[in-house]
Structures are given as structure tokens and as C-alpha cells.
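**Student:** just need the structure, nothing else, for what follows:
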Amino acid sequence: MDKYISGVLLSAGKSERMGEMKALLSLNNKLVIEKLIEEYLDTPIDELIVVVGFNGQKLESIIKSLFQTDKLKVVYNEKYEEGMFSSVVKGVESATFDNVLLGLVDNPLINSDIIKRLLNEFDFEHIVIPSYNKKGGHPVLFPKFVKDAILSGKYETLKEVFDSFKEKVDYVDAPIEVAIDMDTKEDYEKILRFLEGGSYD
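**Tutor:** Residues are numbered from 1 along each chain as shown. Alright, predicted model coming up:
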């Protein structure tokens, strides 16, 4: 059994509700995409694939100027206008290994400790989903049978895939960061306040 793990980080959307690219917003003096790549690479995953789409050339050049490592690949999803699942498919089909850790640029506060917790719980037979207050979040970690399902062409959303394997899902308690999404300017401002020591509500 392949015990290696590919990380896939989605950053292909148009960020229409935000009005500017989420990946290039600043958090604690770092770009969101920079911070996330650092956190993902600071774990035992065996590679990291960043999926870009809208403004992909700009984002790829920024990523390549910040990181020089063979563990990191940038791939372009030419179908990004079709929505997030097209980027899931692109990232998963680009993954070298059977097991995939899938994260989103929409969750900018994910850190290496959270990822390591998921990796520690992973038995290569179940889907591992972090949960805060009984609400599932990201990133998610899954084995080969989910990778195969995603690439089968039978599904249109990630939720459909996971719903078809409900008995194979393990939820792992995780901190609030796994449930913090950044879709709008208001979300971004709440995250900035949270990072300054405020509560997130």
C-alpha cells in the first residue's frame, strides 16, 4: 500500500465576493498563500500541489519567487470557471501519491499542528475530517478509494463523494481555525481581529 501523502491546496477561484484575490491578502505580514504553503510544507506530507486558475500566471510567479523546493508544484486548472470541484479534480489527478490532503485558500488559518493531528489519525483506510463544535471543516485527508471516486467522473461535488462513503468518515476534534472561512471582506476583517486576540463570532 502506498503510504505517501500528496497535499493539494486549491487557489483557483475568482474570489468574486471578496473583490480581490484571497491568496494575495496579507495576514501577519505574509500573503495568505505564502503562509498556507509554509504551514503545509512544515508537515510530513511528501509533496504539495497548488492549483491555480483565475490570474494563475501571476499567482504562480509569486509562489515560485517565494519558494524553491522540489516538494512544491503549481498546476493550472483551465476549467476553473466551472467551480471548485473542477479544481479538486485537477489537483487530485496531479497528485503523485494515492493519499491526498486537500485544503482550500478559503481557510487561511490552517496551521501545521492541525495538519499533523489529521496525519496522526489517518489509517490509510478512512476519510479524516477535522471538526469544530460538530461542524466539519478543512483540510480533509483521504485514501486511494476517494481519489479514484473523484476521478471517476460520477460526481459533481466533493460533498457527494464523501456522502457516498459516510461509513468511512472519521471526525477529529480540532480548533476553531478549521471552521473559519474567508469569502468576503467582512470575513477578512473578522480574521484580522481574531489574530489580534479578539474572539471569532
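**Student:** please make it C-alpha for all contacts and neighbour counts, starting now.
**Tutor:** Noted.
**Student:** now residue 45: how far from residue 115?
**Tutor:** Look at residue 45 and residue 115: by Cα to Cα, to the nearest Å, they are 9 Å apart.
**Student:** over to residue 128?
**Tutor:** 11 Å.
**Student:** same question, residue 121
**Tutor:** In this view, residue 121 and residue 115 are 10 Å apart by Cα to Cα.
**Student:** got the buried residues for the host helix or strand of residue 130?
**Tutor:** Assigned by DSSP states H and E, residue 130 belongs to strand 127-132. Using 16 or more other Cα atoms under 10 Å as the test for burial, strand 127-132 gives 127-132.
**Student:** the lowest-mean-pLDDT helix or strand in the chain pairs with which strands, and in what direction?
**Tutor:** One helix or strand of the chain scores below all others by mean pLDDT, DSSP states H and E: strand 135-136, with a mean of 87. Using DSSP bridges, the strands paired with strand 135-136 are strand 127-132 (antiparallel).
**Student:** send the alpha carbons of the partner strand over as CSV?
**Tutor:** This file holds the C-alpha atoms of strand 127-132, laid out as CSV (Å, rounded to 0.1, in the frame of the first residue of the first chain):
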residue,chain,number,x,y,z
ILE,A,127,-11.5,9.8,5.4
VAL,A,128,-10.3,12.1,8.1
ILE,A,129,-12.3,15.4,8.5
PRO,A,130,-11.5,18.0,11.2
SER,A,131,-14.5,19.1,13.3
TYR,A,132,-15.1,22.1,15.4
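**Student:** mind listing the strands for this structure?
**Tutor:** 5-11, 26-27, 30-31, 47-52, 72-76, 99-104, 127-132, 135-136, 140-142, 169-173 (DSSP state E).
**Student:** any idea which of those strands scores lowest on pLDDT?
**Tutor:** Ranked by mean pLDDT, these end with strand 135-136 at the bottom, a mean of 87.
**Student:** please state the offset of that strand from the chain centre?
**Tutor:** 15 Å (Cα atoms, centre = their mean, to the nearest Å).
**Student:** check stretch 4-15 too.
**Tutor:** For stretch 4-15, the gap between its own C-alpha mean and the chain's C-alpha mean amounts to 5 Å (Cα atoms, centre = their mean).
**Student:** only the buried residues of that stretch, if you could.
**Tutor:** Applying 16+ other Cα under 10 Å to stretch 4-15 flags 5-15 as buried.
**Student:** now stretch 149-161
**Tutor:** For stretch 149-161, by 16+ other Cα under 10 Å, it's 149-150, 161.
**Student:** and the end-to-end length of it?
**Tutor:** First-to-last residue span, stretch 149-161, Cα to Cα: 7 Å.
**Student:** not counting its own residues, what contacts it?
**Tutor:** Contacts to stretch 149-161, defined as Cα atoms under 8 Å, 6 or more residues apart in numbering, come from residues 85, 88-89, 92-93, 146.
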